[in-house]
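Colleague: Just need the structure, nothing else, for what follows:
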Amino acid sequence: MQIKKSIRKFTYILGAILLAGFMAGCSSEKETNKTIHIAYPNWAEGIAMTQLVDHVLQDMGYNVELTMADAGLIYASLAEGSEDFLLDAWLPITHESYIKQYGDNLEIIGTTFEGAKIGLVVPSYVEINSIDELNSNADKFDGKIIGIGQGAGIMKKTNVALKDYSLSNFELIPSSGPAMTTALGEAIRKHEPIVITGWQPHWMFARYDLKFLDDPQGVYGASEMIQKVARKGFSKDQPEVASFLKNMKLTGQQLGSLMDVLRTPKTDVEKSAAIDKWIQDNQALVDSWKK
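Modeller: Just a heads-up that it's a prediction; the model follows:
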C-alpha cells in the first residue's frame, strides 16, 4: 500500500514537473513569437519609419528590438534570418545588387512610398545643372562629393557615375546621413557650392532649396519605390505583423511630416513624444494599417 502511494505521489510530481516545463516552453515560445527584430539604415526616412513602426507594434503587444547598420549588413542579416525586416528598401534600382545576391532568402512584403529618387544634389544657387558639368567646375566643389555610409546603394551608384562621367577630378567622401546634411547646411549658410549624394523623400528638400543634377546617362535610374523586405518565411511566422506592413502606405506629405517632427527633438523621450503626437494626429491612417 505504501509503495502504491509512493508511486502515485511520484507520478503526480513528475506530471507537475512535465506540465510546468510544457507551460514554460509555451510561454517562452509565445514570448519569442512576440519579439520583432527590425534593422534600419542611418537615413532620415528609414529612421522615421522605423520609429513609427516600433511604436505601433508595441501598442499591438509586441516586443521590438532595433538594429542600425549599413544596408549591406542589413540584407545579409535578413538573408540569414537574424533580423526580421527592413522598412527602407529602395527598389528596383538602388538596392538591386542586394536582391540579386540575397533574394532567394528574402520576401518583399509591400510598397510604402512611390516616386522615390536618388542622385547628385546641389543647392539651387549652384549654376551647373548636369552631372557632366561637374568636372569642369571641380575647383568650386573642392573636388569632393559628400556621401553617406559606404555600403549604401546610392554610394555604389555614385562610384559608377564617377567612372561613366569620367569625374577624375572628384573624390567621393563617405560619411553618414546626418554628417552629410550637416555639411550641406553649413555650405548653404555660407552660400558655398556643395554636391552631395541625395535622395527624396528627405526633410532637406523641405528645409532647403535644392535640385537634382541631370543624369543624361541614367546612372541613377528613374523614380523608385520604398518597399518592405523581410527574411524568408516572415509572413508565415508573423501574419499579423505582415498584414500590418502590407497595409502601411505613406504619401510624400505624410512621410515628409513624419521626418520633420523628428528633426528637432534631441532626447529619446522627446523623440518618443513626437512620434506619439504624429500617431495621434494621423490616428485614422494608422488604424487603417492594422485592419
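
Colleague: how many neighbours does Asp276 have?
Modeller: For Asp276, the neighbour count with other Cβ atoms under 10 Å is 12. No exception for glycine: its C-beta is placed from N, CA and C like everyone else's.

Colleague: What of Ala71?
Modeller: Ala71 has 30 neighbours, counted by other Cβ under 10 Å.

Colleague: what's the answer for Ala44, then?
Modeller: Neighbours of Ala44 (other Cβ under 10 Å): 23.

Colleague: right, and it touches Ala206 too?
Modeller: No - assessed by Cβ atoms under 8 Å, Ala44 is found out of contact with Ala206, at 10.8 Å.

Colleague: what about Asp215, distance to Asp84?
Modeller: Distance of Asp215 to Asp84, computed by Cβ to Cβ, to the nearest Å: 34 Å.

Colleague: same check, this time on Ile154
Modeller: For Ile154 relative to Asp84 (Cβ to Cβ), the value is 24 Å.

Colleague: between these two, who's got more neighbours?
Modeller: It is Ile154, of Ile154 and Asp84, that has more neighbours when counted by other Cβ under 10 Å, with 25 against 21.

Colleague: Need the three-state assignment for Gly115.
Modeller: Secondary structure state of Gly115, per DSSP: H, G, I helix; E, B strand; the rest coil, is strand.

Colleague: Can you classify Ala39 as helix, strand or coil?
Modeller: Here Ala39 is strand, with the state taken from three-state DSSP.

Colleague: What of His202?
Modeller: For His202, the secondary structure call by three-state DSSP comes out as coil.

Colleague: State the distance from the residue nearest to it when sequence neighbours are not counted to Ala69.
Modeller: Spatial nearest neighbour of His202, chain neighbours left out: Ala44 (5.3 Å); criterion: Cβ to Cβ, 6 or more residues apart in numbering. According to Cβ to Cβ, Ala44 and Ala69 sit 16 Å apart.

Colleague: got it, and Gly177?
Modeller: Taking Cβ to Cβ, one finds Gly177 at 13 Å from Ala69.

Colleague: where do the contact lists of those two overlap?
Modeller: By the contact definition Cβ atoms under 8 Å, 6 or more residues apart in numbering, Gly177 and Ala69 are jointly contacted by Pro41.

Colleague: Compare those two (neighbour count), which wins?
Modeller: Gly177 (22 against 18).

Colleague: tell me the contacts of the more buried one?
Modeller: Pro41, Asn42, Trp43, Ala44, Ile148, Gly149.

Colleague: and the last one, that's in a strand?
Modeller: In other words, Gly149. No - assignment of Gly149 by three-state DSSP gives coil, placing it outside any strand.

Colleague: what's the burial count for it?
Modeller: A count of neighbours around Gly149, defined by other Cβ under 10 Å, yields 21.

Colleague: By mean pLDDT, point me to the weakest helix or strand of the chain.
Modeller: helix 2-33 (a mean of 47; mean pLDDT, DSSP states H and E).

Colleague: mind listing the strands for the stretch 101-250 of the chain?
Modeller: Assigned strands in the stretch 101-250 of the chain, in chain order: 106-123, 144-146, 171-173, 196-200, 210-212, 224-231 (criterion: DSSP state E, counting those that start in this stretch).

Colleague: counting contacts, what elements does the fifth one pack onto?
Modeller: Where contact means 3 or more Cβ pairs under 8 Å, 6 or more residues apart in numbering; DSSP states H and E, strand 210-212 is packed against strand 106-123.

Colleague: Can I get the strand it packs on as CSV, trimmed to CA atoms?
Modeller: C-alpha atoms of strand 106-123 as CSV (Å, rounded to 0.1, in the frame of the first residue of the first chain):
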residue,chain,number,x,y,z
LEU,A,106,14.1,37.3,-48.7
GLU,A,107,10.5,38.2,-49.3
ILE,A,108,9.1,41.6,-50.4
ILE,A,109,6.1,42.5,-48.3
GLY,A,110,4.8,45.6,-49.9
THR,A,111,5.3,49.2,-51.0
THR,A,112,5.4,52.1,-48.6
PHE,A,113,6.2,55.1,-50.8
GLU,A,114,6.2,55.6,-54.6
GLY,A,115,8.2,58.1,-56.5
ALA,A,116,11.5,57.9,-54.6
LYS,A,117,14.6,59.3,-56.3
ILE,A,118,18.3,59.3,-55.8
GLY,A,119,21.1,61.2,-57.4
LEU,A,120,23.6,64.0,-57.0
VAL,A,121,22.1,67.1,-55.4
VAL,A,122,23.3,70.7,-55.2
PRO,A,123,21.7,73.9,-53.7
